[in-house]
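**Q** Got a sequence here, can you model it:
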Amino acid sequence: MKLLLDTHTFLWLDGSPEQLSPVALSACEESGNQLYLSVVSAWEIQIKHQINRLQLDVPLDKMIQGQRFTNDLNILSVELHHIYMLQQLPLHHNDPFDRLLIAQAKAEHMQQFPLLSS
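**A** Okay, here's the model as predicted:
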């Protein structure tokens with residue numbers, strides 16, 4: 001199964017896996033699942049870090065590189081068809097990052113793995 005990690009899930013998987021629910025952690029560790037991180041999440045992390053709303057223990061590029069090595073993390077780029085998918089989403093989510101992650105998951109037929117705490 002293809003899993004698109006939301007921003008918090010990615011951060012927790014990298015630095016605080018105990019924050020993930022047992023279901024989320026198990027899904028991330030399941031060898032048959034493919035983990036994806038959207039460029040949207042990397043963008044969100046970088047912005048929040050730069051405005052001091054998020055502290056990182058390691059630079060973002062090192063964090064992503066480590067997860068690519070450790071968990072065979074794939075990177076999902078933003079494509080026009082992802083933007084077009086936004087038109088089909090109801091306006092329940094005002095956060096533009098969340099909306100684009102949802103649109104990407106739908107467009108790519110992925111399971112979006114939202115923030116799941118224990």
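**Q** Which stretches in the chain count as helices?
**A** 7-15, 22-29, 39-50, 60-71, 80-85, 96-107 (DSSP state H).
**Q** mind listing what Gln67 touches?
**A** 10, 13-14, 35, 37, 73 (C-beta atoms under 8 Å, 6 or more residues apart in numbering). All C-beta spots, glycine's among them, are computed from the backbone N, C-alpha and C.
**Q** Most widely separated two among those residues?
**A** Asp14 and Leu35 (11.3 Å; C-beta to C-beta).
**Q** Of the two, which one has the most company?
**A** More neighbours surround Leu35 than the other of Asp14 and Leu35, with 23 against 20 (other C-beta atoms under 10 Å).
**Q** Please determine how far that one is located from Asn52.
**A** Applying C-beta to C-beta, to the nearest Å, the value for Leu35 to Asn52 is 28 Å.
**Q** Over to Leu76?
**A** In terms of C-beta to C-beta, Leu76 sits 27 Å off from Asn52.
**Q** same thing with Glu108?
**A** For Glu108, the distance to Asn52 - C-beta to C-beta - is 33 Å.
**Q** In terms of neighbours, single out the busier of these two.
**A** With neighbours defined as other C-beta under 10 Å, Glu108 and Asn52 compare such that Glu108 has more, 17 against 7.
**Q** and that one, what does it touch?
**A** Glu108 touches 2, 4, 76, 82, counting by C-beta under 8 Å, 6+ apart.
**Q** Among those, which lie within strands?
**A** Mapping the contacts of Glu108 onto strands (DSSP state E) picks out 2, 4, 76.
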